[in-house]
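Show me how the following folds:
(2 chains)
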Number of protein chains: 2
Amino acid sequence: MSSICVDACGGDQAPHAVVRAALTARADGVPVVLAGPADRLRATLDCGDLPILDAPEAFDEGLSPLEAIRAAPGSSVAVGLQALHEGRVSALVSCGPSGAVLLQSVRTLGVMRGLSRPALAVSLPRPSGPPALLIDAGANVDCRSEHLVDFARLGVAWLRATGREHVRVGLLSNGAEPGKGTAVVRAALSALAELGPPAVGEVVGQIEPHVALAGGCDVLVADGFVGNVMLKSLEAAHEVVLGHLRGRIPDAQSALGELSWSRFGAASLLGVEGLVYVGHGRSGHAAVLSAIREAHRTAARDPLTSLRATLGED
Amino acid sequence: MSSICVDACGGDQAPHAVVRAALTARADGVPVVLAGPADRLRATLDCGDLPILDAPEAFDEGLSPLEAIRAAPGSSVAVGLQALHEGRVSALVSCGPSGAVLLQSVRTLGVMRGLSRPALAVSLPRPSGPPALLIDAGANVDCRSEHLVDFARLGVAWLRATGREHVRVGLLSNGAEPGKGTAVVRAALSALAELGPPAVGEVVGQIEPHVALAGGCDVLVADGFVGNVMLKSLEAAHEVVLGHLRGRIPDAQSALGELSWSRFGAASLLGVEGLVYVGHGRSGHAAVLSAIREAHRTAARDPLTSLRATLGED
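Got it, this is the predicted structure:
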């Protein structure tokens, strides 16, 4: 199978931590190529025998996403996405500025037929059982009810494409009672109830954060603003609690083990014609490595063929 | 000074845990009266010598807030608020259904002049330094930008009325960059910047959850839907982390001490003509007691006079 393309320029710890993660993944047998300024990377870092897709331009982070991608048509993100579009790599992993990565992905790869917008999906680890998929985790800030319906369809189709069977869909809300939620949430819920399974799985209604973490649904639908606030609140609470305990209980961090709320995996950009993983800007070696491995595992299943088929049936 | 009125009927653990908390507070010297069905309370519980404002009717929780308060004009909440309105008590503490408590408060007490809507304010404990005040934590689900501006004015006036001097206001957002936030958040930010200090304190712009917890602002403004999702996400993460650690590290809970994310104090309903504290429906003895003490401390400062004056100057 073809390689995972890793954006060597994206993230606060790029290129060092990113290139090291790529080297580790390659040593483990994952085929990896970098996208970035080849001469500069080779001159300043040990890139081993990693192939590099040359991308001499960098995003100007002072610009808006649209301005940034227009000003740098030869960015590592643009070059990586072009390779993905042409089938020369099987996925892109980037920890670059998410607005620019999203916009460039839509432009280069296109949005899947029958969908209004792509969305970011993040797995929320739970103490037991499979994670809940939060969608949208930050791509779309002002949403109408039909967008939330599309996120539900996407989330359900994605979980099925990656091997889950019975999928329950909930809408993130401030309460579980019938009247709760914004007007947009309530309208989306009515529309989902009308669509019904199989298109949107089993609709379980409004879901509060603690219920989602306790396994109350498999797909947690939110507009990107609220979903992002939820995600960042979970991270923030986790960091505050661990920071507070660290001085008192040395084992607190390691005792949490897999339940590392401060290190959600990279988000999957669902609904574009290609596998794109968007990592946290703060990602270090471990986070980038984990994203590369996830991209590799997922690409091997070819979920996009199944995703297209499911969405086409709706 | 006059008593704190405690709604004996509100909350999952009422009346037992509520009456016990009222008795503890009274033993500590806090003047307390109960509101509830006097005969039934005295027949089934040891109420000591606590005065009881007789309120024979109960909310039907199957009804909407509006239907519930219409169907029970003699509820403990209605009776307690009427006593507050007439100055016979200085504050009401209720863990009853928040929608009904809010609506009855607006009807009985009225909204302060110059405000569009009241809002729920919750103190977010931080590892160090004074807490940030989250407003609105759940009263108003669909908000326009002028509502967010009112929440900022209310929050700033409240912190000043309770003794804080320099107050920084931020808007809860998915990112800190200038373009981030929903259209409503961005419009509110422009309006706040135009108003400027002193009405709305120092405006520090968009604030992400982890920045708020790190002390990036004193008043964190959000619409009630997003604010409630943030609050419940913080609680949920805290509970999950502690639950996970409990089996491994017996001291985890006690080591957290004051940083008890799972036990935010009662929310203050700001913007109505009276001091109303709305506790979590799950509140037990400790949470109700803490709310009664806070109501007592706050009532002693008479913050509403100062709040009215500040809002009147805007």
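
residue ranges for the helices of chain A, please.
A:16-27, A:38-44, A:65-71, A:76-85, A:98-109, A:145-161, A:183-195, A:209-213, A:224-246, A:252-256, A:285-301, A:303-313 (DSSP state H).

what's the least confident stretch among these?
When the helices of chain A are ranked by mean pLDDT, helix A:252-256 comes last with a mean of 67.

ok, the residue in the stretch 51-200 of chain A that chain B sits nearest to - how many residues close by?
In the stretch 51-200 of chain A, the residue that lies nearest chain B is A:N174 (3.9 Å; C-beta to the nearest C-beta). Yep, even glycine has a C-beta here, placed from its N, CA and C like the rest. Residues within reach of A:N174, counting by other C-beta atoms under 10 Å in any protein chain shown, total 24.

Let me see the contact set for the residue lying closest to it once chain neighbours are set aside.
Distances taken as C-beta to C-beta, 6 or more residues apart in numbering or on different chains put B:N228 closest to A:N174, at 3.9 Å, once the chain neighbours are dropped. Shown in contact with B:N228 (C-beta atoms under 8 Å, 6 or more residues apart in numbering or on different chains): A:N174, A:G175, B:A137, B:G138.

of all these, which two lie farthest apart?
Greatest spacing in those, by C-beta to C-beta: A:G175 and B:A137 (12.5 Å).

Which one's more surrounded, the two?
For A:G175 versus B:A137, neighbours defined as other C-beta under 10 Å are more numerous around B:A137 (27 against 18).

I'd say that one and B:A266 touch.
No - contact criterion C-beta atoms under 8 Å: B:A137 and B:A266 do not qualify, at 10.7 Å.

Distance-wise, check the residue in chain A sticking out farthest from the centre relative to chain B.
Centroid-distance maximum for chain A: A:R248 at 34.2 Å, with C-alpha atoms, centre = their mean. Counting by C-beta to the nearest C-beta, to the nearest Å, the separation of A:R248 from chain B is 4 Å.

can you list the residues of the stretch 201-314 of chain A near chain B?
A:208-210, A:212-213, A:224-226, A:228-230, A:232-245, A:248-249, A:251-252, A:255-256, A:259, A:261 (C-beta under 8 Å from any C-beta of the partner chain).

And the contacts of stretch A:33-51?
A:3-9, A:15-16, A:19, A:22-23, A:26, A:32, A:52-56, A:58, A:76-77, A:79-80, A:83, A:89, A:92.

From those, list the buried ones, please.
A:3-9, A:15, A:19, A:22-23, A:26, A:32, A:52-53, A:55, A:58, A:76-77, A:79-80, A:83, A:89, A:92 (16 or more other C-beta atoms under 10 Å in any protein chain shown).

Of the residues you listed, which are in range of chain B?
Counting by C-beta under 8 Å from any C-beta, no member of these reaches chain B.

near chain B, which residues of the stretch 1-150 of chain A?
So far as C-beta under 8 Å from any C-beta goes, the stretch 1-150 of chain A lies against chain B at A:S64, A:R126, A:P127, A:G138, A:V141, A:D142.

Look up how far A:P209 lies from A:G175.
11 Å (C-beta to C-beta, to the nearest Å).

What of A:L84?
According to C-beta to C-beta, A:L84 stands 34 Å off from A:P209.

before we move on, the earlier item: list just the nearest of the contacts of B:N228 to A:R301.
The nearest member of the contacts of B:N228 to A:R301, counting by C-beta to C-beta, is A:N174 at 36.0 Å.

Surely the closest one is in contact with B:M230?
No - using C-beta under 8 Å, A:N174 is not in contact with B:M230; the gap is 10.2 Å.

check contacts around the spatially most central residue of chain A.
Nearest to the mean C-alpha position of chain A, by C-alpha atoms, centre = their mean, lies A:A267 at 1.4 Å. Going by C-beta under 8 Å, 6+ apart, A:A267 touches A:S98, A:L120, A:A121, A:V122, A:A137, A:G138, A:Y277, A:V278, A:G279.

Across the sheet, point out what pairs with the third one.
Right, the one you point to is A:A121. Applying DSSP bridges to A:A121 gives these bridge partners: A:I135, A:S268.

Just to check, it is in contact with A:A157?
No - applying C-beta under 8 Å, one finds A:A121 not in contact with A:A157, separated by 10.9 Å.

Between these two, which has more neighbouring residues?
Neighbours were counted for A:A121 and for A:A157 using other C-beta under 10 Å; A:A157 has more, 30 against 24.

State the distance from that one to A:R301.
13 Å.

Correct me if wrong: A:G279 contacts A:A266.
Yes - assessed by C-beta under 8 Å, A:G279 is found in contact with A:A266 at 4.1 Å.

what residues are shared contacts of these two?
Common neighbours of A:G279 and A:A266 (C-beta under 8 Å, 6+ apart) are A:V93, A:C95, A:A287, A:A291.

Please produce a markdown table containing those residues, extended by neighbour count.
Formatted as a markdown table, the shared contacts of A:G279 and A:A266 follow (neighbours: other C-beta atoms under 10 Å in any protein chain shown):
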| residue | neighbour count |
| --- | --- |
| A:V93 | 32 |
| A:C95 | 29 |
| A:A287 | 24 |
| A:A291 | 28 |
